[in-house]
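Undergrad: can you look at this prediction? I've put the sequence above it.
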Amino acid sequence: MVVPGSRERAEEVFQPPEDLLKDAHVPDFNTYLRLYKKSTEEPEVFWTEVAEDFFWKNPPKGQILQYNFDITKGSIYVSFMEGAKTNVCYNVLDRNILDKNLGEKVAFYWEGNSPDHQLTITYNTLLVQVCKCANVLREMGVKKGDTVAIYLPMIPELVYTMLACARIGAVHSVVFAGFSSESLCERVLDAQCSLLVTADGVYRGEKLINLKRIADEALDRSPLSHTPLCAPATCFARRPPPIKQRCPNAPAALIGPRPLPSRTPWDDQLDVWWDDLMESASELCEPEWVDAEDPLFILYTSGSTGKPKGVLHTTAGYLLYAALTFKYVFDHRHDDVYWCTADVGWITGHSYITYGPLANGATGVFFEGVPVYPHVGRYWEIIEKYRVTKFYTAPTAIRLLMKYGKEPVLRYDLGSLRILGTVGEPINPEAWHWYRDVVGQTRCPVVDTFWQTETRWHGRTGLPGIAAYGFSRMFRHYLQTLPFFGVQPAILNEDGEELEGEAEGYLVFRQPWPGIMRTVYGNQERFENTYFKKFPGFYVTGDGKFHWRHLLSTAEVESALSDHPAVAEAAVVSRPHAVKGECLYCFVTLKEGGEFSRTLTEELRRQVREKIGPIATPDFIQNAPGLPKTRSGKIMRRILRHIARNDKELGDLSTLADPKVVEALLSQRCEAAA
C-alpha cells in the first residue's frame, strides 16, 4: 500500500480541491484507516451498521459473515447475514420513494444512439415499469428461482427486466448484446434459462444489428430446440421463448427505418411483443421476500478452459457492497448527475449503472450509443447537456477520443465535472494526464478502480477525498490505490510465500467480503479449483499473471480458432495497442498439408466473431510451424508475448523442448505488428 507522504518513484502528486475535501465521505487518510481497520478487525460491527441503511423483512440470525477459504478443510463457502430476508428491488426503488421521498427525482436520463432520442425516467416511473414487467414475467410462468436471459441493448427495458427479476425472486442472466449466437446459446443453456428477453434490432452508430435474428439462431443451435412445446414454454428443458422487444418512444432506440415485423423472424407459437403484454399489466406488484443468500444474478466471464464461467452473486452481500462502493468511491452527493459509460452486459454496468447508483437514490445517465457517433464530441455534449458531475469510463475510450485532440472537448462546457473515474484495464500515463488535464481541466480527482466480475466491487481503488493522489509512471498506477473496506490483499510467490514491499507475484485475498461471488453456477468443483486450490486459505485473482478487458480470456479465443478444420493448435496472447490498450495476437499451427493464406486468416477472424462476437476479433494472426513448449508440453506464453511485441530479449530458453521454434516464430512475425 502506498500511503500519503510516500514519494518513492512518484513523478507527480496532486492534491484534491479544497471544496471537495470539505464534505467528502472520506476526507483524509486517517478517516480511511479508521474505517478500514473497523471493516477488517470488527466486520460484524461494520457490516451491521452498513445494513441499517436498508430494509430487512427479517433480521439476520447469528454471525453476520461466515466462510471457509481453505480447501483442505472442506468445501469453500461464504455466507452473509444468514437468516435475513429482503428484496433488492424494494431497497433500490420502494425504499427511496417511501422512506426518502425521491419519487419525482430522476433515476435515469436515457440518451439514445441518436441525439434526438432521449427519455427522462423518475423513480416513480421506474417502479411502475418494473412492476408491470414483473407481472408480465409472472404471467409468462417465471417464478422464484427461475433464470431469465436478457439479450438487450442499452435501452430502459434492460433495467426494467433486471429489476423485475429481482422483484419476483427470479435470477437474471444478462448477455452482452455484442455476443454471437453461439455465445448466447451457450449461456442460455448453461444457466438453464426459462425465458429470453431480446429486441428486434439496435443501431450502434450507423450499424444495424438484428438481435432477434441472432437470438433465433442461438435457440436453433440448442439441442433442446425441437422438443414439443406448450406455449408459453417456461421449463428449461424446452426451447426458451423470447419476448419480442420493441424500443421505447419508437423508433427511439433506432436511427432510420427500424426492422419491420415482416422482415423480422417470427414464430407465433414462441414470440410475443413486449408492448402487448405491458399494456395490460398491473402497475402493482408485491415483492418476493428472499433469503440473504438467495441468488440475484448470474453473469458469465471467461475461464481457463475456454468455457465461460457462470459467476453467481447473491442478494444481501451484493446489494450492500454495490451501494457502499458507489457511495465512497464516487463520493456520492444527492445532487450529483453520474454517468458510467459501460454496458450493463458487463459487471461494471450491473454494479455502477444499475444497482449501486439506485441503492443510493442517485441520478444517472444511461447511454445507448458509441463515443464518436454522430460526431467525436458526443461524450462531451452529453456531459454538458445533463450537467454530469461524476464521469466513469474506460481507458480505451479515453485513448480513442485523444486521437481527435483537445478541440472537440473545448467546444463544450464541462465545468460541472467534479470527479473522474477509470475502469476495465490499466491506464497509461499519456491517457491519464489527458483525461485529468483536458477533460477534468486539472481540477478533478481521478479514481482508478481494480476489480473483477467474480469480486463485483472495487477491490483496490482511489478515494477522491484522500489528499495526495497521483500517477507513478514506473508502476503505472495511482499512488492512492487502496484496498476497499473489508478487503485484505496480499502478494504470494509461486511457493505461496507472502512478499513484502515492491514485488511481483499472485494477487490474493485473505478473507471474503459480502459481495464476492459464491460459486460457479452448476460447478462448485470448478469454482474451488480455479480460485482456491493453488493457495489454500486464499482467494486467487489470477491477475498476477494476465488481465484483459471485457471479461474475455485468451483460452476462449484459442478454443474458437482450434475449431477450424485447418487448425491443429492455437495460442493467443495480448500485446499493446495504441487505442485499445491491449489487443489479441494469435499464433496458429496448421494441420499437416495446410496452407497459411490471407483467405484462411479472414476465415479464422470470421470464425472467432461468429463463435464469441465482434469484440473478440483477433488483430493479428501469425503462422506458427510450432509453438514454444517445455519438455512436459506446456506452452510458454511468456515467450509468445515477447515475440508479439517484437522484443528479442526472450529470457531463459533452457526449459524449451525445441529452442529453434523461437527463431522460426521471430522470422515470421506479422509485418503489421512490427
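TA: Looks like it came in fine.

Undergrad: just checking, Pro408 touches Glu381?
TA: No: counting by C-beta atoms under 8 Å, Glu381 is not a contact partner of Pro408; they are 9.3 Å apart. Placement of C-beta: from N, CA and C, glycine included.

Undergrad: overlap of the contact sets of those two?
TA: Common contacts of Pro408 and Glu381, defined by C-beta atoms under 8 Å, 6 or more residues apart in numbering, comprise His375.

Undergrad: need the residues that contact the longest helix along the chain.
TA: If you go by DSSP state H, the chain has its longest helix at helix 123-139. Outside of helix 123-139, the residues that reach it under the criterion C-beta under 8 Å, 6+ apart are 89, 93-94, 96-97, 102-105, 107-108, 121, 148, 156-157, 159-161, 163-165, 167-168, 170, 195, 243, 274, 277-278, 281-285, 361.

Undergrad: ok, Leu119 to Gln129 distance?
TA: In this structure, Leu119 lies at 11 Å from Gln129, with C-beta to C-beta, to the nearest Å as the measure.

Undergrad: for this structure, name the helix or strand with the lowest mean pLDDT.
TA: In the chain, the helix or strand scored least confidently by mean pLDDT, DSSP states H and E is strand 477-478, which has a mean of 42.

Undergrad: quick one: name whatever helix or strand follows it.
TA: Towards the C-terminus, the helix or strand next in line after strand 477-478, according to DSSP states H and E, is strand 482-483.

Undergrad: okay, now the sheet partners of the next helix or strand after that next one, with direction.
TA: The C-terminal neighbour of strand 482-483 among helices and strands, as given by DSSP H and E, is strand 489-492. Each strand paired with strand 489-492, and its direction, by DSSP bridges: strand 498-499 (antiparallel), strand 506-509 (antiparallel).

Undergrad: looking at the ones you listed, which is closest to Lys61?
TA: Relative to Lys61, the nearest member of these by C-beta to C-beta is strand 506-509, separated by 26.4 Å.

Undergrad: and that closest one, average pLDDT?
TA: The predicted model assigns strand 506-509 a mean pLDDT of 85.

Undergrad: dump it to PDB, keeping only the CA atoms.
TA: What follows is the C-alpha trace of strand 506-509 in PDB, where atoms were taken according to Å, rounded to 0.1, in the frame of the first residue of the first chain:
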ATOM      1  CA  TYR A 506       0.000 -13.600  -7.400                       C
ATOM      2  CA  LEU A 507      -2.600 -11.200  -6.100                       C
ATOM      3  CA  VAL A 508      -4.700 -13.000  -3.400                       C
ATOM      4  CA  PHE A 509      -7.200 -12.100  -0.700                       C
END
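
Undergrad: the stretch 201-350 of the chain: helices as residue ranges?
TA: Secondary structure of the stretch 201-350 of the chain (DSSP state H, counting those that start in this stretch): helices at 211-221, 274-280, 315-329, 347-349.

Undergrad: ditto for the stretch 401-550 of the chain
TA: Shown for the stretch 401-550 of the chain, the helices assigned by DSSP H, counting those that start in this stretch span residues 407-410, 429-434, 524-531.

Undergrad: need the residues that contact the first one.
TA: For helix 407-410, contacts defined as C-beta under 8 Å, 6+ apart pick out His375, Val376, Gly377, Trp380, Leu401, Val438, Val439.

Undergrad: of these, buried ones?
TA: Restricting the contacts of helix 407-410 to buried positions leaves Val376, Gly377, Trp380, Leu401, Val438, Val439, with burial counted as 16 or more other C-beta atoms under 10 Å.

Undergrad: just the C-alpha atoms of the host helix or strand of the third one, please, in CSV.
TA: Same thing as Trp380. The secondary structure element spanning Trp380 is helix 378-386 (assigned by DSSP H and E). What follows is the C-alpha trace of helix 378-386 in CSV, where atoms were taken according to Å, rounded to 0.1, in the frame of the first residue of the first chain:
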residue,chain,number,x,y,z
ARG,A,378,-20.8,13.1,-28.3
TYR,A,379,-19.5,12.3,-24.8
TRP,A,380,-18.7,16.0,-24.1
GLU,A,381,-22.1,17.0,-25.5
ILE,A,382,-23.9,14.7,-23.1
ILE,A,383,-21.9,15.9,-20.1
GLU,A,384,-22.8,19.5,-20.9
LYS,A,385,-26.4,18.6,-21.6
TYR,A,386,-27.1,16.9,-18.3
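
Undergrad: can you name the next helix or strand after it?
TA: Tracing the chain C-terminally past helix 378-386 and defining elements by DSSP H and E, one meets strand 390-393 next.

Undergrad: how far off centre is that following strand?
TA: Relative to its chain's centre, strand 390-393 lies at 15 Å (C-alpha atoms, centre = their mean, to the nearest Å).

Undergrad: next: stretch 109-124.
TA: A distance of 22 Å separates the C-alpha centroid of stretch 109-124 from that of its chain, computed with C-alpha atoms, centre = their mean.

Undergrad: what are the buried residues along it?
TA: Within stretch 109-124, the residues that qualify as buried by neighbour count (16+ other C-beta under 10 Å) are 109-114, 117-119, 121-124.

Undergrad: pipe those residues into JSON lines and attach distance to Glu206, secondary structure and pLDDT per row.
TA: Listed next are the buried residues of stretch 109-124 as JSON lines, based on distance: C-beta to C-beta, whole Å; DSSP: H, G, I helix; E, B strand; the rest coil; pLDDT from 0 to 100:
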{"residue": "Tyr109", "distance to Glu206": "23", "secondary structure": "strand", "pLDDT": "98"}
{"residue": "Trp110", "distance to Glu206": "20", "secondary structure": "strand", "pLDDT": "97"}
{"residue": "Glu111", "distance to Glu206": "17", "secondary structure": "strand", "pLDDT": "96"}
{"residue": "Gly112", "distance to Glu206": "14", "secondary structure": "coil", "pLDDT": "95"}
{"residue": "Asn113", "distance to Glu206": "9", "secondary structure": "coil", "pLDDT": "94"}
{"residue": "Ser114", "distance to Glu206": "10", "secondary structure": "coil", "pLDDT": "92"}
{"residue": "His117", "distance to Glu206": "15", "secondary structure": "coil", "pLDDT": "93"}
{"residue": "Gln118", "distance to Glu206": "19", "secondary structure": "strand", "pLDDT": "94"}
{"residue": "Leu119", "distance to Glu206": "22", "secondary structure": "strand", "pLDDT": "96"}
{"residue": "Ile121", "distance to Glu206": "26", "secondary structure": "strand", "pLDDT": "98"}
{"residue": "Thr122", "distance to Glu206": "32", "secondary structure": "strand", "pLDDT": "98"}
{"residue": "Tyr123", "distance to Glu206": "34", "secondary structure": "helix", "pLDDT": "98"}
{"residue": "Asn124", "distance to Glu206": "36", "secondary structure": "helix", "pLDDT": "98"}
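
Undergrad: look up how far Val573 lies from the nearest residue to Gly626 once chain neighbours are set aside.
TA: In space, and not counting its chain neighbours, Gly626 is closest to Val661: 4.2 Å by C-beta to C-beta, 6 or more residues apart in numbering. Here Val661 is placed at a distance of 15 Å from Val573 (C-beta to C-beta).

Undergrad: could you check which of these two is surrounded by more residues?
TA: Neighbour totals were compared for Val661 and Val573, and Val573 leads with 22 against 19 (other C-beta atoms under 10 Å).
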